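> Predicted model, plus sequence, below.
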Amino acid sequence: MRDLDLTTLRLFVAVCDAGNIARAGEKSSIVGSAISKRLAQLEAAVGTPLLVRKRHGVTPTPAGQSLLEHARGMLAGAGRIERDMQAFACGLRGQVRILASASAMAESLADDVAAFLKIPGHRSIQVDMEERISPEVVRGVRDGTASLGVCWDAADIGNLQHRRYRSDHLCMVVPPDHPLAASASLRFEQTLDYDHVSLPVSSAVQVMLQRAAARIGRSVNYRVIVSNFEAALRVVRAGLAISLVPREVAAVHADAWGLRLIPLAEPWARRRFIICFRDAKALSPAAQLLADHLAQPDTQ
């Protein structure tokens, strides 16, 4: 298959979004016949129909839908390349992309990056951050999607290099009238008789909890699955379930929402985070400066 050019992919996405070649042409300032020719060449290149032509428009075939997803990713990547190169052209010293777990993003990472950028010598550096679950953080750094990743050190980072970042403390958050609310501390197994709120089940902490429960022949009953800690705390506040949340995050809302934070008497309740990267020697100067700023002393 010949190389796919970005212009044709961009037009293909425009046609799929508009559902009509003529409307896509108007938005792209190109005649419909030229778009049709490019799409025909694209279908010939991939060897399969990509669009179903109907009387009033077009819809992607299953192959077209698959290509549409890939095309969006390629165009997003091309956009990042363009922004990076523009940054250098404008005299900026560099751009760093970080993938980070939800805990790191919700706790200290944004403040730490902001402090880094306020240093006079660093104001010409641009830092982009994106939240991912820990396995995706590791995969993104390994694949070169980002220069740095910040995740829990329990994640399997394979042959990636790493440095120590911060730590946090997992606690059980319950409503004030919950049967566990009077507990001074808890073992994880004591919480398994109650419904839990979960963040994405493939996240490192949820995988760890499932394994911890399985070791004692139990399972975690997830009543609600949410995408962020604030949503988890709102579910707890409503009395629907309990949730395991970093104390550093839950404390912000605990008093105002009347939540009870109970420490966990488990060795894994204190988590350490790491900054991971493929090769310290291959980091750009900007990424190296940021990694040095974020890294904590080994004695902490």
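Received the coordinates, thanks. Numbering: from 1, shown residues only.

> which secondary structure elements does the lowest-mean-pLDDT helix or strand in the chain contact?
Least confident helix or strand of the chain, by mean pLDDT, DSSP states H and E, is helix 62-89 with a mean of 81. Here helix 62-89 touches helix 6-18, strand 94-100, going by 3 or more C-beta pairs under 8 Å, 6 or more residues apart in numbering; DSSP states H and E. For glycine as for every other residue, the C-beta is placed from the backbone atoms N, C-alpha and C.

> what angle sits between it and strand 94-100?
Here helix 62-89 points in a direction 130 degrees away from that of strand 94-100 (axes from the mean of the first three to the mean of the last three C-alpha atoms, to 10 degrees).

> all strands for this structure, in order.
For the chain, the strands defined by DSSP state E cover 51-54, 57-60, 94-100, 125-131, 148-152, 161-174, 196-198, 222-225, 242-246, 260-263, 270-277.

> closest one to M208 among those?
Of all these, strand 148-152 sits nearest to M208, with 8.6 Å by C-beta to C-beta.

> I'd like the helices and strands packed on helix 62-89 written out as CSV, with distance to P120, mean neighbour count and mean pLDDT added.
Output for the helices and strands packed on helix 62-89, formatted as CSV (distance: least, C-beta to C-beta, whole Å; neighbours: other C-beta atoms under 10 Å; pLDDT from 0 to 100):
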stretch, distance to P120, mean neighbour count, mean pLDDT
helix 6-18, 38, 18, 92
strand 94-100, 16, 23, 92
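
> Adding distance to R123, write those out as a markdown table.
Below are those laid out as a markdown table (distance: least, C-beta to C-beta, whole Å):
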| stretch | distance to R123 |
| --- | --- |
| helix 6-18 | 32 |
| strand 94-100 | 12 |
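
> how about these, which one is nearest T191?
When those are compared by C-beta to C-beta, strand 94-100 sits nearest T191, at 26.9 Å.

> which one is K27 nearest to, not counting chain neighbours?
Closest residue in space to K27, ignoring its immediate chain neighbours: A14 at 6.2 Å, by C-beta to C-beta, 6 or more residues apart in numbering.

> is it true that the one you found touches S28?
Yes: the criterion here is C-beta atoms under 8 Å, and A14 meets it with S28 at 5.5 Å.

> who touches both of those two?
Among the neighbours of A14, none is also in contact with S28 (C-beta atoms under 8 Å, 6 or more residues apart in numbering).

> any idea how far the residue nearest to Q206 when sequence neighbours are not counted lies from V245?
Nearest residue to Q206 in three dimensions, chain neighbours excluded: S198, at 5.6 Å (C-beta to C-beta, 6+ apart). For S198, the distance to V245 (C-beta to C-beta, to the nearest Å) stands at 11 Å.

> what about those two, which has more around it?
Set side by side, S198 and V245 show more neighbours around V245, with 28 against 22, by other C-beta atoms under 10 Å.

> confidence score at the closest residue in space to that one that isn't next to it in sequence?
Counting by C-beta to C-beta, 6+ apart, V173 is the residue found nearest to V245 once chain neighbours are left out, at 5.1 Å. As summarised for this prediction, V173 has a pLDDT of 96.

> in the sheet, who's paired with V173?
S243, L261 (DSSP bridges).

> Please tell me I have it right and it contacts V236.
Yes: counting by C-beta under 8 Å, V236 is a contact partner of V173 at 5.1 Å.

> quick one, which of the two is more surrounded?
Higher neighbour count among V173 and V236: V173, with 30 against 25, using other C-beta under 10 Å.

> Quick check: phi and psi at the residue of the chain most remote from its centre.
Within the chain, the residue lying farthest from the chain centre (C-alpha atoms, centre = their mean) is R55, at 40.8 Å. Main-chain torsions, R55, degrees, to the nearest 10: phi -60, psi -40.
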